[in-house]
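**Student:** build the 3D model from these lines:
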Amino acid sequence: MKFVIEHKDRQSSARAGEILTDHGKISTPVFMPVGTAGAVKAVHIRDLRHDIGAQIILGNTYHLFLRPGMEVMGEAGGLHAFNGWEKPILTDSGGFQVYSLSQGRKVTGKGVEFRSHIDGTKYLFTPENVIETQRIIGADIIMAFDECTPFPCSYDYASRSLELTHQWLDRCIATFAETHAQYGNSQALFPIVQGSVYSDLRQKSAETVASCNLPGNAIGGLSVGEPEEIMYDITEKVCAILPEDKPRYLMGVGTPSNILECIALGVDMFDCVIPTRNARHGLLYTMEGMINIKNEKWKNDFSMIDEEGRSFAGREYSKAYLRHLFVSNESLGGMIASLYNLGFYMWLMDTARKKIVTGGYPEWKNRMVKQLAVKL
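**Tutor:** Residues are numbered from 1 along each chain as shown. Next up is the predicted model:
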């Protein structure tokens, strides 16, 4: 994997770059639709490729490990062959999902013992088998195994957790060096900065991660309930430490406004379930603000979802029709809304990139953040 910075914004830390992988190039800043179990909910692979123009999607090690399982994944030839997605894929190590299973998990120096949310079967994730699992999945970018701390948590807990994450990182790197990609494409390992909301822990983690000199770096443990101001403060401090010549990935973030603010702080890569999850509940992001399409006010509104005719997927449908689908519990409603929201996110990333290249990103970002806060 290679990363090239092509342009830098003069008034902020925003940058436009290009990540080169064996499955194609990725223009940054980039948003990665979340395909947790190998599929972006309610969206066909064909639509991701042609209508939305996604450059890379995300899969999740925890969910793919449980279903379909690594025997099936290996026989299929990896996730690219299994789901038909020919462009780059990133896999999350499963650390966040294990964190979310707090009721039934046990964290030790060896790894994390947990029970499947599907049938209660007990499993153990270790740094070694998480890397081996991601080798079988075959993603272009894979993540080191970490512990995602909850918010709030004590300084003592965060400190102990960070030490464990750094120990696991050493084991991930060793296993990565001892194993090989299985399907002809190279894989890049990203370490993850942790440390909860504590500046000194975040600094320590960022310095440790930077010293590993891996192809890219991730920032985890944010967007887990902390105030946005803390998220931005930590992101800024961590980005100032992580090497400039490596892509920076802020995990699980977030809303359009979150993304625009963090681009200005130096982040290149984002993922989040928000655009598709909100879409399935009838919440749409538009240039004028957010729409709850289920509201009565749209019942007789036959204007298009995006009246300016911008190239958002799903633009050919009226608000009245989409509302009708939702109130009638037609699954097509969630599909159209998901296409639309993901299309909006892709437009947002493309426009952000253009503003970084041509100048004026901070001014445009500030206008967009203000407008996106409007509830229509």
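**Student:** output the contacting helices and strands for the helix or strand bottoming out on mean pLDDT in the chain.
**Tutor:** Lowest mean confidence among the helices and strands of the chain (mean pLDDT, DSSP states H and E): helix 95-100, at a mean of 72. On a contact count with 3 or more C-beta pairs under 8 Å, 6 or more residues apart in numbering; DSSP states H and E, helix 95-100 meets helix 61-66. Any C-beta I mention is one placed from the backbone N, CA and C, and that applies to glycine too.
**Student:** quick one: residues in contact with the helix it packs on.
**Tutor:** 36-38, 70, 73, 79, 91-94, 97-98, 116-118, 123, 125, 130, 133-134, 137, 143 (C-beta atoms under 8 Å, 6 or more residues apart in numbering).
**Student:** that older thread, show me how far the least confident helix or strand of the chain is from its chain's centre.
**Tutor:** For helix 95-100, the separation from the chain centroid amounts to 14 Å (computed by C-alpha atoms, centre = their mean, to the nearest Å).
**Student:** next structured bit after that helix?
**Tutor:** Next in sequence after helix 95-100, counting helices and strands by DSSP states H and E, comes strand 106-107.
**Student:** and that following strand, which strands flank it?
**Tutor:** strand 112-115 (antiparallel) (DSSP bridges).
**Student:** buried residues, the strand it pairs with. List them.
**Tutor:** 112-114 (16 or more other C-beta atoms under 10 Å).
**Student:** packing partners of the lengthiest helix in the chain?
**Tutor:** Taking DSSP state H as the criterion, the chain has its longest helix at helix 331-358. Judged by 3+ C-beta pairs under 8 Å, 6+ apart, helix 331-358 is in contact with strand 2-8, strand 15-21, strand 30-32, helix 256-264, helix 274-280, strand 283-286, helix 319-327, helix 361-372.
**Student:** so where do the helices sit in the stretch 151-300 of the chain?
**Tutor:** 155-178, 199-211, 228-241, 256-264, 274-280 (DSSP state H, counting those that start in this stretch).
**Student:** just say which of these is most tucked in.
**Tutor:** For the helices of the stretch 151-300 of the chain, the largest average neighbour count (mean count of other C-beta atoms under 10 Å) is found in helix 256-264, namely a mean of 23.
**Student:** what angle sits between it and helix 361-372?
**Tutor:** 170 degrees (axes from the mean of the first three to the mean of the last three C-alpha atoms, to 10 degrees).
**Student:** centroid residue for the protein?
**Tutor:** In the chain, the centroid-proximal residue (C-alpha atoms, centre = their mean) is Asp271; its distance is 1.8 Å.
**Student:** run through the bridge partners of that one.
**Tutor:** In beta-bridge terms (that is, DSSP bridges), Asp271 pairs with Met32.
**Student:** please renumber so the chain begins at 52
**Tutor:** Taking 52 as the first residue, the last one we looked at is Asp322.
**Student:** before we move on, back to that, so which bits of the longest helix of the chain are buried?
**Tutor:** 384-401, 403-404, 406-407.
**Student:** returning to that earlier point: of the buried residues of strand 163-166, closest to Pro203?
**Tutor:** Val163 (21.0 Å; C-beta to C-beta).
**Student:** using TSV, lay out the buried residues of strand 163-166 together with distance to Val81 and pLDDT.
**Tutor:** Output for the buried residues of strand 163-166, formatted as TSV (distance: C-beta to C-beta, whole Å; pLDDT from 0 to 100):
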residue	distance to Val81	pLDDT
Val163	29	92
Glu164	35	92
Phe165	31	89
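**Student:** for the residues you listed, give me JSON lines that also has distance to Asn268.
**Tutor:** Shown next, in JSON lines, are these (distance: C-beta to C-beta, whole Å):
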{"residue": "Val163", "distance to Asn268": "22"}
{"residue": "Glu164", "distance to Asn268": "28"}
{"residue": "Phe165", "distance to Asn268": "26"}
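**Student:** which of those lies closest to Phe227?
**Tutor:** Using C-beta to C-beta, Val163 is the member of these that sits closest to Phe227, with 18.7 Å.
**Student:** domain assignment for this structure?
**Tutor:** Per automatic domain parsing, the structural domains of the chain span 53-322, 330-423.
**Student:** if you average pLDDT over each of those, which comes out lowest?
**Tutor:** If you rank the domains of the chain by mean pLDDT, domain 330-423 sits at the bottom with a mean of 91.
**Student:** for it, the distance to its chain's centre please.
**Tutor:** On C-alpha atoms, centre = their mean, the centre of domain 330-423 falls 20 Å from the chain's centre.
**Student:** and it, end to end?
**Tutor:** Across domain 330-423, the terminal residues are separated by 16 Å (C-alpha to C-alpha, to the nearest Å).
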